[in-house]
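sequence first, predicted model second:
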Amino acid sequence: MIDRYAPALIALTYFVCGAVLYLLDLGALVAHDETSIQVRLLLLAAVCAPILLRRSHPLLGLVLASVPIAVDFALDISLPVWIAYGDLLFAAALYGSARTSVFLERTPIVSIAVLAVGFGIYTGELRSAVFVAAIGVLLISLPVWWARSVRTHRDAAEAERTKSQALAQVAELDRAAAIASERAHLARDLHDIVAGHLSAIAIQSEAALRLRDHDPQKAMSVLESVRANSVDALREMQSMVTLLRSDDVRDAAATAGRLTDLTALVASAEASGSIVTVEAPDLTGLDADVDVTAYRIIQEAMTNAMKHAPGLPVLLQLGMDDRELTIRVSNPLPPDRGRAEPARVGHGDSHGLRNIAERAAAIGGRARSQIVEDPGERSDGKAPGERSDGTDPAEQSDGGKRWRTEVHLPLRDGGPR
C-alpha cells in the first residue's frame, strides 16, 4: 500500500517544501527573485507532477519535467524546482534502463563543463565558472551518481540472491540424487540378501518335500541347508540394520560377504540340487570393494541359476591378471527356454541382472549376460555341466546352449596384495 502511493507522497513533499521556501523568499539561487510567486509555484507544480511517473515511466517523467526546468532556467534558477528535478534524475538513473542510466551519468559532466566555461568567459571571472560547476554537480550530477551507486549495489544483491537460489537448487538436486543413489544401493543389498537366501530356501524346501519319503537322510541334509540359509539371511539383515544405524560408512565392507565365503554359496546351491564346479585361483588380498562386489555378483548369478535352471549343473570360473578380475557363471538352458528370446531368458528383464550390471559399473567394471554356444570341454576334461555320476546333462538341458553371466572388475595397483 505504501509503495503504491509513495510517488504521490514524494511529489507532494517536494511541492510543500518548495512552496515554504518561496514564501520565505529563500527560493532564489543566485540573486533576488523578481518573478511572481504564482509563476514559481506553477513551475514547481509542473516539475512535481511528473514525479508520479518516477517508478513506472521514469524517463518520460524526466522529459516532461525538462520543459518547466528550461523556463525556470530562463527566468533565473530557483532552488525548489531544481531539487525536485534532481529527484527525477535520480529515479531515471535508478529505475530506467541500463543504457539510460549510463547516458545520464556521462552526459551531464560534459554539459556542466561547457556551461561553466561559457559562463566564466561571459563574466570574465573564474569564481563564476567554479560556482556554476559546483551548482551543476550538486543539483544534477550528484543525484545521478547516488542513483548509480544504489543501482550497482541493488544489482549486486540481486545477482547474489540469484546465485544463492541457484546454489540452493543445486544442493537440493544433489540431495535428491544422493537419496536416490542410497535407495538404489539399499534396494540392491536387500535384493541380494532377501531374494538370494529366500530363493535358495524355497528351492531347498521343495527338494526336501520330494525327498522326505524315499530319502529321509538327504531330506534332513537339505533342511540343514535351509536353516543355514535362514541364519545367514538373518545375520546379513542384522548387519545391514546395524550399518544403517552407524555413522561410520567404513563398516560396510566389514559386514558384507567376501570371496572367502564362496564355500557356503556353493554348498547352498548343491543342497538345492545343482552340481557346482568352481575354477578359481588364489583370490586373497583383493581390495575390499572388489572382493565384496565379486561376492555379491556371484551370489546373484548363482541364485538366478538355481531359480531358472533348477537341478542343472553350474560352472563358476574366476580368472585374474594384473588389470582385472573376470567372473563367469554359466549353466545349460532348460529345454523350455532354449528357444526363447535372448532378452527374456535367464531372468533377463528382472532386478537380478540389473543389480549385477549396476554393481559392476559402480567400481568401473562391466557385466554382460547372454545365451552362448556350449564352449566344449572344461579344464578338467569333462563336458560343461557333466555330473560326477556320469549322467548326461543334455537329457535335462537344451543341448549346446548355455546361459552365461560374464563380469570384468578392474583391479587397483596391479592386482591383489
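Received the coordinates, thanks.

next structured bit after the lowest-mean-pLDDT helix or strand in the chain?
Counting by mean pLDDT, DSSP states H and E, the weakest-scoring helix or strand in the chain turns out to be helix 251-255, with a mean of 49. Later in the chain than helix 251-255, the nearest helix or strand by DSSP states H and E is helix 262-271.

after that next one comes which helix or strand?
Once the chain leaves helix 262-271, the next helix or strand it forms, by DSSP H and E, is strand 276-279.

give the partner strands of that next one in its sheet and their orientations.
Strands adjacent to strand 276-279 in the sheet, as given by DSSP bridges, are strand 314-320 (parallel).

please state the offset of the partner strand from the chain centre?
Offset of strand 314-320 from its chain centre (Cα atoms, centre = their mean, to the nearest Å): 39 Å.

which other residues reach that strand?
Defining contact as Cβ atoms under 8 Å, 6 or more residues apart in numbering, one finds that strand 314-320 is touched by 259, 262, 266, 269, 274-281, 283, 294, 298, 302, 305-306, 325-331, 378, 384-385, 411, 415-416. C-beta here means a position set from N, CA and C on the backbone, and glycine is covered the same way.

next, residue 404: phi, psi?
The phi/psi pair for residue 404 (degrees, to the nearest 10) reads phi -130, psi 130.

and residue 225, what does it touch?
Residue 225 neighbours (Cβ under 8 Å, 6+ apart): 200, 204, 267-268, 271-272.

got these as JSON lines, with neighbour count and pLDDT columns?
Converted to JSON lines, those look like this (neighbours: other Cβ atoms under 10 Å; pLDDT from 0 to 100):
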{"residue": "200", "neighbour count": "27", "pLDDT": "73"}
{"residue": "204", "neighbour count": "26", "pLDDT": "74"}
{"residue": "267", "neighbour count": "14", "pLDDT": "83"}
{"residue": "268", "neighbour count": "26", "pLDDT": "78"}
{"residue": "271", "neighbour count": "23", "pLDDT": "77"}
{"residue": "272", "neighbour count": "28", "pLDDT": "74"}
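
quick one: which of those residues is nearest residue 233?
residue 200 (8.9 Å; Cβ to Cβ).

hey, C-alpha coordinates of the host helix or strand of that closest one in PDB?
In the assignment (DSSP H and E), residue 200 maps to helix 196-211. Only the C-alpha atoms of helix 196-211 are listed here, as PDB (Å, rounded to 0.1, in the frame of the first residue of the first chain):
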ATOM      1  CA  GLY A 196      19.100 -64.800  -2.800                       C
ATOM      2  CA  HIS A 197      18.500 -66.600   0.500                       C
ATOM      3  CA  LEU A 198      14.800 -66.900   0.200                       C
ATOM      4  CA  SER A 199      15.100 -68.300  -3.300                       C
ATOM      5  CA  ALA A 200      17.500 -70.900  -2.000                       C
ATOM      6  CA  ILE A 201      15.300 -71.700   0.900                       C
ATOM      7  CA  ALA A 202      12.300 -72.100  -1.400                       C
ATOM      8  CA  ILE A 203      14.100 -74.400  -3.800                       C
ATOM      9  CA  GLN A 204      15.700 -76.400  -1.000                       C
ATOM     10  CA  SER A 205      12.300 -76.700   0.800                       C
ATOM     11  CA  GLU A 206      10.800 -78.100  -2.300                       C
ATOM     12  CA  ALA A 207      13.600 -80.600  -2.700                       C
ATOM     13  CA  ALA A 208      13.200 -81.600   1.000                       C
ATOM     14  CA  LEU A 209       9.500 -82.300   0.400                       C
ATOM     15  CA  ARG A 210      10.300 -84.500  -2.500                       C
ATOM     16  CA  LEU A 211      13.000 -86.500  -0.600                       C
END
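
list the buried residues in that helix.
Under the neighbour-count criterion of 16 or more other Cβ atoms under 10 Å, helix 196-211 has 196-197, 199-201, 203-205, 207-208, 211 buried.

continuing past it, what's the next helix or strand?
helix 216-245.

which parts of stretch 126-136 are buried?
128-129, 131-133, 135-136.

how far off helix 216-245 does the helix or strand hosting residue 186 point, in degrees?
Assigned by DSSP H and E, residue 186 belongs to helix 142-190. Here helix 142-190 runs at an angle of 160 degrees relative to helix 216-245 (axes from the mean of the first three to the mean of the last three Cα atoms, to 10 degrees).

could you say what helices and strands helix 142-190 packs with?
helix 79-95, helix 98-123, helix 216-245, helix 351-362 (3 or more Cβ pairs under 8 Å, 6 or more residues apart in numbering; DSSP states H and E).

can you spell out which helices and strands pack onto the next helix or strand after the second one?
So the one you mean is helix 98-123. Going down the chain from helix 98-123, the next helix or strand is helix 126-136, by DSSP H and E. Packing partners of helix 126-136 (3+ Cβ pairs under 8 Å, 6+ apart): helix 98-123.

and if we set it to 10 Å?
helix 79-95, helix 98-123 (3 or more Cβ pairs under 10 Å, 6 or more residues apart in numbering; DSSP states H and E).

point out the most buried one among the helices and strands packed on helix 142-190.
helix 79-95 (a mean of 23; mean count of other Cβ atoms under 10 Å).

averaged pLDDT, that helix. What do you get?
For helix 79-95, mean pLDDT rounds to 91.

please state the offset of it from the chain centre?
Relative to the centre of its chain, helix 79-95 is centred 47 Å away, using Cα atoms, centre = their mean.
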